[in-house]
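Peer 1: Just need the structure, nothing else, for what follows:
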Amino acid sequence: MRLWPGMNRHILAVLQSQKSSIGPIKGATCTSKRSIGDNTNSNKNCGKELKRDREWALVDEVCEIVRTQQQWQETLKLRLSSASFRPNDVILVLKRLENIDLSFMFFNWVGQQKGFRHNRHLCSAMLSMLATARMFSEAELILENMKNQGWNPTVHALSDLTSAYSQAGLINKALDMFLYTKHLGFCCSAFSCNTLLNALVRGKQVNIAQKIYGEMLESDRSHPDNYSVSIVVRGLCMEGRVHQARELIEDVYARGCLPNVIFYNKLIDGYCRMGEVQQAFRLFGEMIKMGVLPTETTYGTLINGLCKLGNMNETGKIMTEMVKGGLRPNHFIYNTIIDGCCKQGNTSEAIKLFDSMVEKGCAPDVVTYNSLINGLCNGGEMEKSLKLIDEMLGRGLAPTKLTYTSLIQGHCKHGNMPEATNLLIQMLEKGHERDVVTYSVLIHGLCLHGKVNEGFLVRYKMVEKGLEPDIQVYNLLISGLCKKGMLSDAKKVMIEMLEKGFILDDFTYVTLIDGYCREGDMGEATKVFNFMLEKGIEPGIIGYNAVIKGYSNIGMMEDARSFVEQMVKKQLIPDEITFTTLIDGYCKANNTSEATKLLTEMVERGRTPDVVTYSALINGYCKEGKMQSALALFEEMKEMGLVPNEVTYTTLINGYCKDRNIAEAMEVFDEMLQKECVPNEVTYHALITGLCKARTTQAEHSEDNLQMKWGGIFYTMLKENWDHKTAAYNTVIVALCLRKKLQMAFKLKDKMSAEGFQPDGVTYAALLRGLCEQNKINDVDKIFSEALHKNMLFIAYRYSILFDLYFGEGRPSKATLLLNENSDRKYGQSIIFNDLEKEGAATGTE
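Peer 2: You can find the predicted model right below:
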């Protein structure tokens, strides 16, 4: 038989790679390799054994020659000229050579020898070996030649080739081979069919996998087993067709198959992927009733489902139940919960779980550390994240590219750009290649903090390193430019994108639209919006909300409402942002009645108002002087379980100040401090400005306000001819100190000094009281060193007594006693007490 086409080149390459040394030819032996039974005396059987021994000896000899001699063809020609060598012997040689290249060369060479002819079984054996070695082009040549000879490959060979194609991801060829086998009247083995099913599911061709499974059911030779069922179930669950998967399993049970934990795990995973965790737990309960014991995979899947929904409280209960059942949480389970806690910003709980993990002998891996580091970086806890890096290295774990990216992102988020850049350099030094994602993180950080020019510089460096920016990088740069109002530059970047062949996405257009809206250029914003629609790109709810906000900000509420109507026509349901934007717009246009109607409509449509919504309407009421309505809404908001933020409190404070109701403004400020809500510059400005304006009505309100703590402090100072702004600053500082907000109080004192209003006895009395309340006695000397002269100490002492009256229990506070003791030491007790007696006589105070 002649050498098949395409084989010469392959054989020549292998020949050139063989050793040049020629090994000795082993002599044949007549010793049997199999023991002959003591009771076998038949000459006939003995002859067969001797013949078989000679054949095996010849096979061994041929294998040795092919393995060891470079010119084995010539040696074998001489050796086999006088020996009978059959196809079955060739099959033995092919298998024993254990080298697919040599086996294939020998297969071709022996087919050329005079008197020898390949047959169907020999070709099938070679076909199987080539398939296993994934030498597909050679296998296809043999298959084609067999077809030409009219030989059908064995089912074993066809099954091997189908499996090999499947494992290599050549799904179409695997299917062709499966159908060819069927055409010949055979069916591939169950193993081969399972391999094909697996490849189809991985390739997301689940419908075809179902058909193959159906054909397996009709076959006797390749009847599906539990593994076949689990593959199809996994595919259906991946596509969200969990109910079909369950029907398939119920059909298996109906045919007498016992319940299997693998089937349940696949279904539970399917429900969790769809977010139907409750259904997954129902199935879990059914599984227990059926007597099927859950595995680590079962519990891990349920925990993963809970984490994806953010239901972290239930994960602890599942872990407890798991341990009670004699199972130990593994890496996957710990890592899943730690990652879930970090994504919710609960890093303290994540660290507790991490410590428990180590304590119970489950060593953390890179995934564990990466989750924790990412969580800490997002929360701004950079020092803790760097300590974890050291601990990670101590365990012999090397930080990955993801580790460095998280750290870079953390520094970028908090404006520490030099440190982010250093980490990028360190990342390179450790052998990690920078990719588009790493550069994107750095560019995002720079643009976020207004350093757009530096962002463009990073892009230049990126291109210099051979990395082409993707659409995300361009979008980040456009966003940075828009936020800085550099809209013409943003438009140039967009043109550059188009020139480079990028297809602009909705984010690109919406970013530019939002930029124009921020600048109040609604004409240009609308042009870009319409151009976007012409290109067939839908703005989505984010795009519509951007335009609605733009028109609302400039009071063009009819135009804003027209875009809402367009949204609804496109079956986009207005969300919380849409309603809040409109409510804010109407409030800015002094139309709180329309805003109130919208709030009612919002609730009726199932949209939940948030802090921003309520704050917008409270601001509207305050602007219109409807303080009772504002306060009622403020109380309603708290009853709804919403926590007011600094904007809410500041809005209400500002409203009361404009209404010249200083007592109420200070009460709201006091509540703000008690609720640990940090005031901002606007809060202080509103209070101080409000207090200053209130001085004009001091005569008519002084008697009422003197009965109230905050008004009493402020109006006492005004009555004693204090500068109105100094009095205002002092009143706010007193409030901060009484609520133990010392750091804020000292900052406000510095701001007071910077504006040219010097701290006085009232200021120091308040600060001293704050220090005493927090037992910071060591810092008290600083107060006395700044308030040395007698008059200031006298004022501080007097106002400290007033603080005791309003905010204490009527007896002297620690601050008052310290002031008395200090003045006694410096000036003598009689001086202060004499002065106080005179003051008391004048004011009627004891």
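Peer 1: can we go C-alpha only for contacts and neighbour counts from here?
Peer 2: Noted.
Peer 1: Helices of the stretch 151-300 of the chain, start to end?
Peer 2: All helices of the stretch 151-300 of the chain, identified by DSSP state H, counting those that start in this stretch, fall at 155-167, 171-183, 190-202, 206-218, 226-238, 242-254, 261-273, 277-289, 296-308.
Peer 1: what comes up buried for the fourth one?
Peer 2: Counting neighbours by 16 or more other Cα atoms under 10 Å, one finds that the buried residues in helix 206-218 are V206, A209, Q210, I212, Y213, E215, M216.
Peer 1: Export the helices of the stretch 151-300 of the chain as CSV, with columns for mean pLDDT.
Peer 2: Below are the helices of the stretch 151-300 of the chain laid out as CSV (pLDDT from 0 to 100):
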stretch, mean pLDDT
helix 155-167, 92
helix 171-183, 91
helix 190-202, 90
helix 206-218, 87
helix 226-238, 86
helix 242-254, 81
helix 261-273, 86
helix 277-289, 87
helix 296-308, 90
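Peer 1: Compare those helices and report which one is nearest to N654.
Peer 2: Nearest of the helices of the stretch 151-300 of the chain to N654, taken as Cα to Cα: helix 296-308 at 41.6 Å.
Peer 1: for stretch 560-575, which positions count as buried?
Peer 2: If you call a residue buried by 16+ other Cα under 10 Å, then stretch 560-575 has these buried ones: A560, F563, V564, M567, P574, D575.
Peer 1: Out of the buried residues of helix 206-218, which comes closest to R660?
Peer 2: Of all the buried residues of helix 206-218, the one with the least separation from R660 (Cα to Cα) is V206, at 71.7 Å.
Peer 1: if I look at the closest one, how far off is S385?
Peer 2: Separation of V206 from S385 (Cα to Cα, to the nearest Å): 43 Å.
Peer 1: Equivalent analysis for L402, please.
Peer 2: From L402 over to S385 the distance is 13 Å, taken as Cα to Cα.
Peer 1: who's more crowded, these two?
Peer 2: Neighbour tally, L402 and S385, criterion other Cα atoms under 10 Å: the higher count belongs to S385, 23 against 17.
Peer 1: got a list of what the nearest residue to that one once chain neighbours are set aside touches?
Peer 2: Counting by Cα to Cα, 6 or more residues apart in numbering, S385 lies nearest to I373, which is 5.0 Å off, once chain neighbours are set aside. Going by Cα atoms under 8 Å, 6 or more residues apart in numbering, I373 touches S385, L388, T403, S406, L407.
Peer 1: can I assume T154 is in contact with L122?
Peer 2: No - using Cα atoms under 8 Å, T154 makes no contact with L122, being 9.9 Å away.
Peer 1: Who has more neighbours out of those two?
Peer 2: Between T154 and L122, counted using other Cα under 10 Å, the more crowded position is L122 (22 against 19).
Peer 1: Show me what the helix or strand containing that one is packed against.
Peer 2: Element membership of L122, judged by DSSP states H and E, is helix 120-132. Applying 3 or more Cα pairs under 8 Å, 6 or more residues apart in numbering; DSSP states H and E, we find helix 120-132 packed against helix 87-97, helix 100-111, helix 136-149, helix 155-167.
Peer 1: No further questions, thank you.
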